[in-house]
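Participant: 3D model of this:
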Amino acid sequence: MQYIGAFEAKNTLGSLLDRVEKGEEIVITRHGKPVARMVREDKMRDRQAARNAANAIIASSKGVHLAGLSIKDLIEEGRS
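Facilitator: Residues are numbered from 1 along each chain as shown. Sure, this is the predicted structure:
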């Protein structure tokens, strides 16, 4: 993964897109701090798979009780 400043990214966008298309990941920084990541579009599908897995975990945790307490009970207890 390569880090590149926003000014340079703006001036070399075409070549950056070529590199990303070949599979390279590029992080664009502003004042040395990461603000964006360029990745191939097909890698975004992996992100959707991760979201789907997270949603499945959340759905499977509904109604789970811990030692007789529901998660809602624990949350309410933490608020008092």
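Participant: chain center to stretch 63-73: distance?
Facilitator: 29 Å (CA atoms, centre = their mean, to the nearest Å).
Participant: what about that stretch, start to end distance?
Facilitator: Start-to-end span of stretch 63-73 (CA to CA, to the nearest Å) is 11 Å.
Participant: What of stretch 19-27?
Facilitator: 12 Å.
Participant: Contacts for it next, please.
Facilitator: Outside stretch 19-27, the residues that touch it by CB atoms under 8 Å, 6 or more residues apart in numbering are 1-4, 9, 16, 34, 36-40, 43. (Glycine included, C-beta is placed from N, CA and C.)
Participant: Narrow these to those in strands?
Facilitator: Using DSSP state E, the members of the contacts of stretch 19-27 that fall in strands are 2, 3, 4, 34, 36, 37, 38.
Participant: helix/strand/coil for the spatially most central residue of the chain?
Facilitator: For the chain, the residue nearest the mean C-alpha position is residue 47 (7.0 Å; CA atoms, centre = their mean). Under DSSP: H, G, I helix; E, B strand; the rest coil, residue 47 falls in the helix class.
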